[in-house]
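Asker: 3D model of this:
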Amino acid sequence: MADHCLKLHPKDTVSILAVRADKGDTPLGFGVPLEAPVTRGHKIANTDIPEGGAIYKFGQLIGYAARDIKAGEHVHVHNCTFGDHGRDYEIGADLDAAKAAIPAVKPRTFMGYRRQDGSAGTRNYIAICGTVNCSATVIRKAADIINHSGILDNYPNVDGVAAFAHGTGCGMASSGPGFDNLQRVLWGYATHPNTGAALFVGLGCEQMQLARMREIHGEMDESRFFQMTIQENGGTKHSIDKIVDHIKELLPQVNDVTRTEIPASELKLALQCGGSDGFSGITANPALGIASDRLIGMGGTVILSETPEIYGAEQLLLRRAASDDVAQKLLTRIKWWEEYTDANHGSMDNNPSPGNKQGGLTTILEKSLGAVAKAGSTPLMDVLEYGEQIRKNGLLFMDTPGYDPVSATGQIAGGAQMLVFTTGRGSAFGSKPTPTIKVATNSALFAAMPDDMDLNCGDILSDGVSIQDKGEEILDYVLKAASGEKTKSEQMGLGDNEFVPWQVGAVM
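Answerer: Model prediction:
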């Protein structure tokens with residue numbers, strides 16, 4: 001059994017079980033026998049830990065002993081608890097090392113769509129964006145009619161018609177973070193490089209008016225963006241018919257594009273992890289970190305997010321912040337989240353979820369350390385508001401909730417043309433107009449969900465594949481998918497219902 005325990009750092013007081021252990025086993029080869037079976041991915045104490053003593057994994061604090069723990073014991077929610085993770089931040093302390101970590105790599109390309117504004121797309125959708133929940137049924141029915149009519153067979157360069165419906169747009173404040181989030185998302189999806197044409201559909205009397213968005217963002221290219229309201233169209237049925245007719249007229253224009261060779265430096269890659277387990281921070285996330293570094297080495301961009309899921313690991317980002325201004329942006333968002341959860345009677349330790357805990361994760365401090373590994377080792381160049389447009393290259397952080405659909409919606413609105421999603425428990429997630437690549441952290445999951453998982457990182461443990469080689473494999477797949485190869489979630493048609501803008505503020 002001792003051969004199947006992973007001690008990740010010399011400082012660690014716990015090791016990770018690579019295989020299941022039975023009652024009575026001594027996984028480390030010493031210490032007390034287990035009182036019950038323990039699932040792979042869970043933690044075993046390397047040494048006696050007194051009550052209140054710090055517990056370390058990855059060489060970092062993940063919690064405190066809720067009672068005395070003996071060497072060989074299972075360490076989890078019954079004896080490990082969340083606590084203060086310290087705030088002695090050393091901003092920029094690792095910046096020089098982070099700059100040196102940017103690899104010198106040969107430039108690569110993908111086959112994408114060059115838009116008139118100069119941006120580069122990986123897909124070519126027609127987007128129907130509802131400005132308010134009142135138009136949700138109308139846009140969904142119109143999209144379904146087109147997508148199931150067979151007409152798209154005549155337009156092979158069109159990936160489909162996507163209806164981006166949501167649950168807000170009215171009954172909200174006319175200014176403030178809730179309004180700002182929604183207008184940035186709607187504008188970002190409509191103007192996304194993966195969108196060939198977009199149609200805004202409102203009821204007509206809602207708070208979220210297109211005219212307001214135009215005041216904020218400027219005028220639109222009228223050959224690519226269109227608008228209508230249900231009230232002006234004469235009701236639900238007339239609106240559906242009018243949308244369908246309009247899209248039929250648009251199809252030849254949207255189809256009139258061809259893929260061309262585009263530098264990988266123009267890729268913006270969103271990073272997500274969900275349904276995590278004890279292997280997420282050991283296999284898939286660090287491998288994705290290698291892919292992230294290599295894309296940045298080519299001049300590309302990666303976007304980390306989920307502010308509640310970097311909590312406790314923010315110091316790792318602050319130590320490589322490109323400037324004090326960047327660091328202060330991140331600290332401001334951390335403070336906002338602490339106040340936000342407190343005001344709503346919550347806790348920043350709300351995560352890990354029940355499934356995460358079954359997979360071996362105990363506290364948010366532990367989960368965050370694994371989640372940050374997705375971002376690799378390069379400097380943190382900027383911190384963005386939710387859905388804010390991406391203006392810089394390199395590693396960026398976007399403030400979002402940890403809830404995957406909401407987080408990914410913000411990243412896509414910012415301009416990410418591809419998304420990689422690591423998971424250890426399994427996820428049925430997809431996204432439009434940006435494709436999602438799902439990466440399994442363990443081989444059992446990859447075998448159990450073959451229709452959902454694109455890549456397997458479990459062979460890092462089972463077959464000794466290096467994290468470096470696996471990172472290269474992930475990047476290769478990103479470039480192939482960016483060039484048009486359909487991901488598993490695309491093949492199953494996922495992505496419409498995963499559009500979930502972040503609602504903040506009172507519903508009135």
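Asker: so, low pLDDT: which residues of the chain?
Answerer: Confidence mapping of the chain against pLDDT under 70 gives the ranges 1-3, 350-351.
Asker: phi first, then psi, for the most centrally placed residue in it.
Answerer: Nearest residue to the geometric centre of the chain (CA atoms, centre = their mean): Q272, 2.6 Å. Torsion angles at Q272 (phi, psi; degrees, to the nearest 10) stand at phi -140, psi 150.
Asker: separation between the residue nearest to it when sequence neighbours are not counted and W187?
Answerer: Spatial nearest neighbour of Q272, excluding adjacent residues (CB to CB, 6 or more residues apart in numbering): F421 at 4.3 Å. The way it works is simple: take the backbone N, C-alpha and C, and place the C-beta from them, glycine included. Separation of F421 from W187 (CB to CB, to the nearest Å): 24 Å.
Asker: first-to-last residue distance for stretch 109-129?
Answerer: End-to-end distance for stretch 109-129, by CA to CA, to the nearest Å: 31 Å.
Asker: likewise stretch 55-69?
Answerer: Termini of stretch 55-69 sit 10 Å apart (CA to CA).
Asker: so E388 touches Q411, yeah?
Answerer: No: in this structure, E388 is not within contact of Q411 by CB atoms under 8 Å, at 10.3 Å.
Asker: I'd assumed D25 was in contact with E35.
Answerer: No: at 10.5 Å, E35 does not count as touching D25 under the criterion of CB under 8 Å.
Asker: and those two? Which one has more around it.
Answerer: A direct count of neighbours by other CB atoms under 10 Å for E35 and D25 places D25 higher, at 16 against 10.
Asker: let me know the secondary structure of the more buried one.
Answerer: Assigned state for D25: coil (three-state reduction, DSSP: H, G, I helix; E, B strand; the rest coil).
Asker: hey, where'd the strands end up in the stretch 251-400 of the chain?
Answerer: 260-263, 268-273, 301-304, 380-384, 394-398 (DSSP state E, counting those that start in this stretch).
Asker: select, out of those, the one closest to Y56.
Answerer: When the strands of the stretch 251-400 of the chain are compared by CB to CB, strand 268-273 sits nearest Y56, at 21.5 Å.
Asker: that closest one packs against which elements?
Answerer: Applying 3 or more CB pairs under 8 Å, 6 or more residues apart in numbering; DSSP states H and E, one finds that strand 268-273 contacts helix 284-297, strand 301-304, helix 404-414, strand 418-423.
Asker: mind listing what the nearest residue to C134 once chain neighbours are set aside touches?
Answerer: Leaving aside its chain neighbours, C134 sits nearest to L203 (3.9 Å; criterion: CB to CB, 6+ apart). Residues near L203 by CB atoms under 8 Å, 6 or more residues apart in numbering: 131-132, 134-135, 170, 229-231.
Asker: okay, the helices and strands packed on strand 268-273 in TSV with mean neighbour count and distance to E339 next?
Answerer: Below are the helices and strands packed on strand 268-273 laid out as TSV (neighbours: other CB atoms under 10 Å; distance: least, CB to CB, whole Å):
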stretch	mean neighbour count	distance to E339
helix 284-297	26	28
strand 301-304	27	22
helix 404-414	26	19
strand 418-423	28	29
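Asker: can you lay out these as JSON lines showing distance to D245?
Answerer: Output for the helices and strands packed on strand 268-273, formatted as JSON lines (distance: least, CB to CB, whole Å):
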{"stretch": "helix 284-297", "distance to D245": "42"}
{"stretch": "strand 301-304", "distance to D245": "37"}
{"stretch": "helix 404-414", "distance to D245": "28"}
{"stretch": "strand 418-423", "distance to D245": "33"}
